[in-house]
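> Pasted the sequence and its predicted model underneath.
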Amino acid sequence: MLYICLDDINFNNTINELNKEEILQIVNLTKEFKIEDKTSNIVLVLENVEILNSQKNLKKIVKNISKIKKQCLRRKIKIGTQINNQEICLIVKKNIDEINIKTINELNIFINLFQYKSKKEKIEFLYDKACEYLDSMNEKLNYCDFKDDVCISKRKVKKPYHKIIKMGCCYHVNIFSLKKHKLCEYLEDKKCSVQCISCKFFTCADVNIKFKINDILYLKYYFNPIQKLIIKGCVLTPKEKIISLLTLFSI
Ligand code: SF4
Ligand code: SF4
């Protein structure tokens with residue numbers, strides 16, 4: 001399910017069109033709401049994007065989404081509606097030039113959790129989305145700056161070892177002997193074959209960019225402190241094992 005961002009005119013037109021449908025309820029995420037008895041499906045609306053810049057407001061919105069999801073599940077109400085042949089769950093009014101796309105994306109992912117029934121499915125969905133985000137940042141910012149398979153940090157290692165320390169963090173160095181090194185067993189064709197989220201979160205002291213779990217809205221609000229420790233700490237671990245641990249420690 002998707003969200004759409006619309007400018008002032010298109011936003012109002014779209015909302016007016018939706019209002020013609022009697023059983024569809026529009027819920028404004030920044031206001032108090034009550035889901036009507038006759039409602040068969042709802043569409044969520046955010047008509048002030050600037051509100052996303054405040055953590056306090058964001059917390060309230062997330063709380064509202066959780067409340068809506070619970071009620072919809074209990075009363076078998078569908079979230080989303082068809083707009084231009086697409087299933088849309090959230091409509092955002094683009095009333096300022098600079099909109100916080102990252103937060104809207106993350107809010108949308110959080111809303112879309114309702115599609116999954118079991119905790120494991122929900123966790124796997126969020127896990128994959130976080131990995132996608134971290135991979136895209138890695139690709140976009142190229143912070144490890146690999147050249148001939150040697151990353152920016154390992155290029156600083158004294159000669160003659162700097163050239164053999166290939167594949168960055170996926171190369172485990174024995175601190176007592178640089179000769180006793182090995183590549184991670186999960187590295188295949190120069191890529192991680194096990195989608196380890198903890199490795200994706202890690203950046204060494206030579207990289208200025210640091211990723212925090214609490215900077216990703218759906219991780220911040222869905223996972224408890226123990227699960228967050230698991231996400232951060234399980235380096236060199238396959239996805240399946242991390243998902244099992246996260247499911248085990250769900251409340
Ligand atoms: S995080 Fe540091 S050590 Fe790891 S691959 Fe990137 S630059 Fe190299
Ligand atoms: S698990 Fe970590 S160290 Fe191993 S291949 Fe994947 S990213 Fe590299």
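That came through fine. Residues are numbered from 1 along each chain as shown. Ligands and ions are numbered 1, 2, ... in the order given.
> Taking the centroid of this protein, which residue is nearest it?
Ala130 (4.1 Å; C-alpha atoms, centre = their mean).
> Now that one: which helix or strand?
Ala130 belongs to helix 119-141 when elements are defined using DSSP states H and E.
> residues of that helix that come out buried?
Lys122, Ile123, Glu124, Phe125, Leu126, Tyr127, Lys129, Ala130, Cys131, Tyr133, Leu134 (16 or more other C-beta atoms under 10 Å). Every residue, glycine included, has its C-beta placed from N, CA and C.
> Report whether it contacts ligand 1.
No. Residues of helix 119-141 contacting ligand 1 under C-beta under 6 Å from any ligand atom: none, with a closest distance of 8.9 Å.
> From Ile26, how far out is the residue nearest to the centre of the chain?
According to C-beta to C-beta, to the nearest Å, Ala130 stands 30 Å off from Ile26.
> Report pLDDT for Tyr116.
Note on Tyr116: pLDDT of 90.
> Can you name the residues of the stretch 51-200 of the chain sitting close to ligand 2?
So far as C-beta under 6 Å from any ligand atom goes, the stretch 51-200 of the chain lies against ligand 2 at Cys169, Cys170, Cys184, Tyr186, Leu187, Cys192, Val194, Cys196, Cys199.
> hmm, who's touching the helix holding Ala130?
109, 112-113, 116, 144, 195, 197, 200-201, 209, 211, 216, 218-219, 222-223, 231, 239, 242-243, 246-247, 250 (C-beta atoms under 8 Å, 6 or more residues apart in numbering).
> Which ones among the residues you listed map onto helices?
109, 197, 200-201, 218-219, 222, 231, 239, 242-243, 246-247 (DSSP state H).
> Adding pLDDT and neighbour count as columns, could you present the residues you listed in TSV?
Listed next are the ones in helices among the contacts of helix 119-141 as TSV, based on pLDDT from 0 to 100; neighbours: other C-beta atoms under 10 Å:
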residue	pLDDT	neighbour count
Ile109	94	22
Ile197	98	25
Lys200	97	20
Phe201	97	21
Tyr218	95	23
Leu219	97	24
Tyr222	95	21
Ile231	98	22
Lys239	98	18
Ile242	98	22
Ile243	98	19
Leu246	98	26
Thr247	97	16
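> Closest to Lys159 out of the residues you listed?
Closest approach to Lys159 among the ones in helices among the contacts of helix 119-141 (C-beta to C-beta): Lys200, at 30.2 Å.
> For that closest one, give its distance to Gly168.
If you measure Lys200 against Gly168 using C-beta to C-beta, the figure is 12 Å.
> tell me the mean pLDDT over stretch 56-64?
For stretch 56-64, mean pLDDT rounds to 89.
> give me the low-pLDDT residue ranges for the stretch 51-200 of the chain?
Residues of the stretch 51-200 of the chain that meet the criterion pLDDT under 70 lie in 95-99, 160-164, 173-181.
> quick one, helices of it?
Ranges of helices in the stretch 51-200 of the chain, per DSSP state H, counting those that start in this stretch, are 55-74, 101-111, 119-141, 197-201.
> Please tabulate these in JSON lines, including the columns distance to Lys93.
Formatted as JSON lines, these follow (distance: least, C-beta to C-beta, whole Å):
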{"stretch": "helix 55-74", "distance to Lys93": "14"}
{"stretch": "helix 101-111", "distance to Lys93": "11"}
{"stretch": "helix 119-141", "distance to Lys93": "24"}
{"stretch": "helix 197-201", "distance to Lys93": "33"}
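> Which residue, other than its chain neighbours, is closest to the residue of the chain found nearest ligand 1?
Relative to ligand 1, the nearest point of the chain is Gly168 (2.4 Å; C-beta to the nearest ligand atom). Using C-beta to C-beta, 6 or more residues apart in numbering and skipping residues adjacent in sequence, the residue nearest Gly168 is Cys151, 3.8 Å away.
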